[in-house]
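1. curious how this folds, go ahead:
(2 chains)
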Amino acid sequence: MLVAGIKSRPVYSGLNIDPNARRHLFALEGEGALALLDQVKSAGQDFLEKTEILYVATGSRAEDHDRKLAALNPHDLWTAPTIPVLLNRFNAVLGQAKMGTRMYVSGTEGFIGQAMQVAMNHGVDQASIFTEHRGSAARRVQCVHCKGITDSVRTSPFTCTHCGLSLLVRDHYSRRIGAFQGVCIDAEEPGTAPPPEELFP
Amino acid sequence: MNITFKTETFRNDFTFRNSPEAIRRFPFPFHDDKYMYAVNMEPHVPAGPPGHAYNNPIDVDEHYVSEMRDREQVLKEDPLRYQALPHMMAAQWDTLELLMEHQAASYPEHFSLTKDGGNWHWINRPLGIDQKFTFGDAASLPMEPLEFITRQAQGDFVIVDQRDNNLWCDAGMVTTQADWSLDFDIGMNFMEWHGPVPLAHEMGVFDRALKFLLNLQLGKPVRRLNWTMTINPRLDTSPENYHKWGRDRMTVTPENVGNKVHLRCELQSLWRLPRSNAILFVIRCYLIKMEELVTVPKWGRRFHRVLRDLPPELIDYKGLTRYRPTTVEWLSKYDDGQPTSPGIFPE
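-> Take a look at the predicted model:
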């Protein structure tokens, strides 16, 4: 069921500073900070004075990426304690954003998916946002049975944190939900679920 | 044509059966003794012997009332099987008009539609519905127009919006589906929502189908047949309920194949809609038991050959793995090796 090149999966083609943007808005999670640091290396420092960064460290807290971002001296840097708090702020910032604002999102796939949902609700065209996948390959998965979403899934199958069914992670992705699809793996013969295999380290 | 509607179930005690006439009208999906994906679209014009499912553009048959009762029950348990994104309202009205007009024109004994300017009067006798409303005014109906009419029409319905040279799955009523989720797929484009289908992307099937559909003309609907198999005559083989019906696949034995194993055919028709320029995708499901299928000798022979020689990827994707060998063995008794005549219709 894990098919290479699944058509429903978004392509994250990498950050690329837009020289014509009046303002740069970054939503970054964990290792996603490195995507911006790499841009500074290639595009220079000039854009930073027009840049607002929202950052959440999550799993990379020990790496002190927030200090590295602060050292860039951007126009604004705001760090959030958790992803939901960052998304809340991102939503508010987008509500006040002006023409000429360019968005950049980087981090794990689950984080990118949720940030894209926030942007979508503001009518932003997905294709206009630069995205770069950094950090873990863990997936955000929706249980097709109870509709509950489980974050940071590293194995398939995994146990739905809401209804307890053992779910196979399908290679089918909904941008609207910002998640992969999980389907009961032992529906035909209950109790025969194979042991979890770490597929998304 | 006066249809006698049956009272039957598609769950629990599974009393669904096809009458001898319903067997003869079944849209058998194989015009050859082997099967592989193809775009296989043809104009959706009346065809087939008298009484065949191809006779009318929107087909109503003896299972109508019971299928609508089953849909009602599915929606009661899971209202997310009906969804429409907000920009689809014009397409919803287009669909209501199309289904009402065709049902009334083809089955005047059972349905009638009277128009006085914007004031419409719809009567559905089999379901006992008598509704006056103003066309275009959603407040004049008890629910959204698409939900209202698709609670009264057999088959699943998906409306796809056309923009950016692509088709977007933006509204639907999906309660008789072969294992796909409207709630998960709504908002996806054509390639995305067919993402999990094996082989066909590489074969270019979806590229060709998309190109074809983007040019679909008003008044020139097209159709194709698709198929899978279902254990017990269960209409609601949704992924949402897979943990409830999946174990049915373990229950097939050489003794019960004829009654339990069903060929599930989807008559898919696609219609350009006049106001919205969207496309209505009708996915009408027909079920037939193996013991009913083999009463048409040509179909028994041919389906035996198709199932026996099916490519492994399709066996897995269609979920046939567990019961295919038992079914092929059972069907082999009905295959005397004689050649089969061309076309899908019975001899």
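2. CA only for contacts and neighbour counts going forward, please
-> Will do.
3. so which bits of chain B are right by chain A?
-> Contacts of chain B with chain A, taken as C-alpha under 8 Å from any C-alpha of the partner chain, map to B:181, B:184-188, B:191-196, B:239-250.
4. kindly recompute the last result at 6 Å.
-> With C-alpha under 6 Å from any C-alpha of the partner chain as the criterion, chain B comes near chain A at residues B:192, B:195, B:240, B:243, B:246-247.
5. just the buried ones out of the residues you listed, please.
-> Buried members of those, scored by 16 or more other C-alpha atoms under 10 Å in any protein chain shown, are B:192, B:195, B:240, B:243, B:246.
6. doesn't the second one belong to a strand?
-> No. Applying DSSP: H, G, I helix; E, B strand; the rest coil, one finds residue B:195 to be coil, outside a strand.
7. where's it relative to residue B:206, distance?
-> Distance of residue B:195 to residue B:206, given as C-alpha to C-alpha, to the nearest Å: 10 Å.
8. may I see the residues of chain B next to chain A arranged in TSV, with pLDDT and secondary structure as well?
-> Converted to TSV, the residues of chain B next to chain A look like this (pLDDT from 0 to 100; DSSP: H, G, I helix; E, B strand; the rest coil):
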residue	pLDDT	secondary structure
B:192	91	helix
B:195	80	coil
B:240	96	coil
B:243	96	helix
B:246	94	helix
B:247	95	helix
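9. which other helices and strands contact the lowest-mean-pLDDT helix or strand in chain A?
-> Ranked by mean pLDDT, DSSP states H and E, the weakest helix or strand in chain A is strand A:166-174, scoring a mean of 93. Counting contacts by 3 or more C-alpha pairs under 6 Å, 6 or more residues apart in numbering or on different chains; DSSP states H and E, strand A:166-174 is packed against strand A:158-159, strand A:179-184.
10. among those strands, which is nearest chain B?
-> Minimum separation from chain B across the helices and strands packed on strand A:166-174 (C-alpha to the nearest C-alpha) falls at strand A:179-184, 6.1 Å.
11. okay, the helices and strands packed on strand A:166-174, which one's buried deepest?
-> With neighbours defined as mean count of other C-alpha atoms under 10 Å in any protein chain shown, the helices and strands packed on strand A:166-174 peak in mean count at strand A:179-184, which reaches a mean of 26.
12. name the spans of the chain whose pLDDT lies under the cut-off.
-> Since you didn't name a chain, this refers to chain A. Applying pLDDT under 70 to chain A flags residues A:1-5.
13. not quite, go with chain B.
-> B:1.
14. alpha carbons only: can I get stretch B:325-332 in PDB?
-> Only the C-alpha atoms of stretch B:325-332 are listed here, as PDB (Å, rounded to 0.1, in the frame of the first residue of the first chain):
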ATOM      1  CA  PRO B 325      -9.700 -19.000  -5.400                       C
ATOM      2  CA  THR B 326     -13.000 -20.400  -4.000                       C
ATOM      3  CA  THR B 327     -15.000 -18.300  -6.400                       C
ATOM      4  CA  VAL B 328     -13.000 -19.300  -9.400                       C
ATOM      5  CA  GLU B 329     -13.300 -22.900  -8.500                       C
ATOM      6  CA  TRP B 330     -17.100 -22.600  -8.100                       C
ATOM      7  CA  LEU B 331     -17.400 -20.700 -11.400                       C
ATOM      8  CA  SER B 332     -15.300 -23.200 -13.300                       C
END
